[in-house]
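>>> Pasting the sequence and the predicted model now:
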Amino acid sequence: MLGPIFYDQRQSIPDVDSMSPSAGKPARFNALVNHHYYSITRLPVQPVTREDLCLVHDRDYVDGVFDLDLENGFGNRYPRVPEACLWTAGSLVSATLYAPTDALAVCSPTSGFHHAGHDFGGGFCTFNGLMVAAARYLQLHPSAKVGILDCDVHNGNGTDDILARIPWLRERVVHHTSGKYFQGDADPDEFFLWLDEVIGDLNAQQVDVTIYQAGADMHIDDPLGGFLDDAQMRQRDRTVFRKLRGGLVWNLAGGYRGGETIFNDPVLQTHLATMGEANASDGARRRMFGKQGRQRAS
């Protein structure tokens, strides 16, 4: 059984004129999910506000992007990009607030977050929804901890930048990013050793909810430097879904291989395989959830 998906059509923009498909990917993935999992539960997305973004970003940067005085993460000044970001970050926030109440992994079909720092964007990332979601959760649950397990093939430098600048978040957010250590010529065996270690750390620190970036660009055929084949990508997802305790949210992240339709798009198929592993991990997650009880945060 699958956990719910937090999707609103306003979080997708089909024509940003970029090599990255991330802006239009939510709608395409949603259509593919409709075909394969027609009965999946969809829950409403509450968009974030500029004030929410300013929890982790410099106000002048946020206003500059919305007022079109500064370029967004795609290197342009399209007004629809920052507006859509209110919904992409809103999807991840909504999923993160919900996840600790459900045994199953929750999906936010979003990407384009981890290269956005406190006062900058780039790498197709305008605002850091990962950190906005963590900040909103910790506002409501000040004694909680939030985990970020970033398995995009690229380093989550923007997330590191925000944590370095905002002490109250640094104290409550446990951040692991594989892209700092493993890229195109990486050894898969070394990666899986690392993955077991960081899952062990997240479990030992008893994070209440973890945001898992299931990057499709970790695939060996990705033009920007992956190193795992199809079976190893499934093993990665299976390991996370079956071993990580606490609430769990996963998003799409990364992926630069093209496809004309949703059925022959290899990036979407990789994300669909992640959803398949989430579905297959139903029993394991329910057993873990039963042992830990409901939401621990206060």
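Everything's here; your move. Numbers count the residues shown, from 1 in each chain.

>>> Show me what counts as buried in the helix or strand hosting residue 107.
Using DSSP states H and E, residue 107 maps to strand 106-108. Using 16 or more other CB atoms under 10 Å as the test for burial, strand 106-108 gives 106, 107, 108. C-beta here means a position set from N, CA and C on the backbone, and glycine is covered the same way.

>>> and which of those is nearest to residue 35?
Proximity of the buried residues of strand 106-108 to residue 35 (CB to CB) peaks at residue 107, which lies at 15.4 Å.

>>> Wait, the closest one touches residue 250, no?
Yes. The criterion here is CB atoms under 8 Å, and residue 107 meets it with residue 250 at 5.9 Å.

>>> For these two, list the residues in contact with both.
Common neighbours of residue 107 and residue 250 (criterion: CB atoms under 8 Å, 6 or more residues apart in numbering): residue 278.

>>> Pull the contacting residues for the nearest residue to residue 281 once chain neighbours are set aside.
Excluding its sequence neighbours, the residue lying closest to residue 281 (CB to CB, 6 or more residues apart in numbering) is residue 241, at 3.7 Å. Residue 241 makes contact with 105, 248, 277, 278, 280, 281, 284, 285 under the criterion CB under 8 Å, 6+ apart.

>>> quick one: the last one and residue 250, what's the gap?
Put plainly, it is residue 285. Separation of residue 285 from residue 250 (CB to CB, to the nearest Å): 12 Å.

>>> what touches both of those two?
The overlap between the contact sets of residue 285 and residue 250 (CB under 8 Å, 6+ apart) consists of residue 105.

>>> out of those two, which sits in the busier spot?
Taking other CB atoms under 10 Å, residue 285 and residue 250 do not tie; residue 250 has more neighbours (28 against 22).

>>> in a strand, that's where that one is, yeah?
Yes. Using DSSP: H, G, I helix; E, B strand; the rest coil, the assignment for residue 250 is a strand.

>>> Help me confirm that it comes into contact with residue 216.
No. Counting by CB under 8 Å, residue 250 does not reach residue 216; the two are 11.8 Å apart.

>>> Leaving out chain neighbours, which residue sits closest to residue 41?
Take residue 41 and drop its neighbours on the chain: the residue closest to it by CB to CB, 6+ apart is residue 4, 4.1 Å away.

>>> The one you found and residue 42 touch, don't they?
Yes. Here residue 4 reaches residue 42: they are 6.5 Å apart, a contact under CB under 8 Å.
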